[in-house]
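>>> Any chance you can model this:
(one chain, ligands or ions: 1)
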Amino acid sequence: MINGRPYVGRFAPSPTGRLHLGSMVAAVASYLDAKVHGGRWLVRIEDLDPTREVKGVSSDILRTLESFGLGWDGPVVYQSTRHEKYREALDSLMISGLAFGCACTRKTLAKADGSRVYPGFCRSGLPKGTAPRSWRFKMPRGVSLSWHDRVVGRQSYSPDSVGDVTLLRADGHWAYHLAVVVDDADQEVTDIVRGADLISSTAAHVGIQRALGIPKPKYAHVPLVLNAEGQKLSKQTLARPVEIKDSREVLSMVFKHLSLPEDMSSHPRDMMSSAIKHWGKKWKEEDE
Ligand code: GLU
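Numbering: from 1, shown residues only. Okay, the predicted model is just below:
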């Protein structure tokens, strides 16, 4: 139980490419943490953008997880089936004045100052007759976006450094920040264990959760796997997909990365069971 709620963890891959070592680290870490807490571990396919989706990858991801001994609890949720929920959340933010239509094009934003943070051009409203292209979250100012991260410790971001993130994109697709917050809440996820590349996204999520009156899950951002050039493994950096036939070798690399003993017993399922014990010793912490 976490703050009176039964532990629910999740792994939420985007089907834009097959799983690689970096995504396996997030999968294994979230799985082990759920199991060590006696919790459920869910899988959610984040297929928000059909133009980036690679055909057949969702089922490949599920097959790979299973072969690595990572069985999920309950039905797999596909974000492509949940558009109505995102619409409801956006409507409620609009009603409370916490979402605004934005008419900026990529070009306008690129010219602004080259920074990643939205410069707030449309925050105070659009000129009469101007149609919004996208919808953004009106990140309340003057509050700190903070949480205790179980791996990296206390995190605190100013709303200015996060900015008014996109909720509904100009191409009509729902944005990750809205969908992830809505789904984690609907699936009653209590604990999010994922890669450290999403730390700054968490700051945005904390702001959206607060605006929607959603309980804040606990977060643990595990270290990223980097390639020889020091870049995060990803499709963009041409990370090699993991192969089911190499599951023991891959698991042992994942364990090494997570500072767990790399014992290669006979079956991935047994390797996972023994890793649960070690994870328990290393990571389980007092409930806050
Ligand atoms: N779908 C995201 C990704 O594959 C991860 C989202 C999350 O764990 O919150 O990078």
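
>>> how about low-confidence regions in the stretch 101-250 of the chain?
Across the stretch 101-250 of the chain, the ranges flagged by pLDDT under 70 are 113-115, 237-238.

>>> what about the helices in it?
Here the stretch 101-250 of the chain has its helices, by DSSP state H, counting those that start in this stretch, at 106-112, 159-162, 176-186, 199-212, 247-257.

>>> Please name whichever of those is nearest to the ligand.
Nearest of the helices of the stretch 101-250 of the chain to the ligand, taken as C-beta to the nearest ligand atom: helix 176-186 at 4.8 Å. (Each C-beta comes from the backbone N, C-alpha and C, glycine too.)

>>> Name the residues that touch the closest one?
For helix 176-186, contacts defined as C-beta atoms under 8 Å, 6 or more residues apart in numbering pick out 10, 12, 44, 46, 48, 77, 79, 82, 85-86, 89-90, 137, 165-168, 189, 192, 201, 204-205, 208-209, 212, 214-215, 217.

>>> which among those residues are in contact with the ligand?
With C-beta under 6 Å from any ligand atom as the criterion, those include 12, 46 near the ligand.

>>> Buried only: go through the contacts of helix 176-186 for me.
Buried members of the contacts of helix 176-186, scored by 16 or more other C-beta atoms under 10 Å, are 10, 12, 44, 46, 48, 77, 79, 82, 85-86, 89-90, 137, 165-168, 189, 192, 201, 204-205, 208-209, 212, 214, 217.

>>> can you tell me which of the helices of the stretch 101-250 of the chain comes nearest to residue 264?
helix 247-257 (5.1 Å; C-beta to C-beta).

>>> in the closest one, what's buried?
Neighbour-count burial for helix 247-257 flags 247, 248, 250, 251, 252, 253, 254, 255, 257 (criterion: 16+ other C-beta under 10 Å).

>>> Of these, which fall within the contact range of the ligand?
Checked against the ligand using C-beta under 6 Å from any ligand atom, these yield no neighbours at all.
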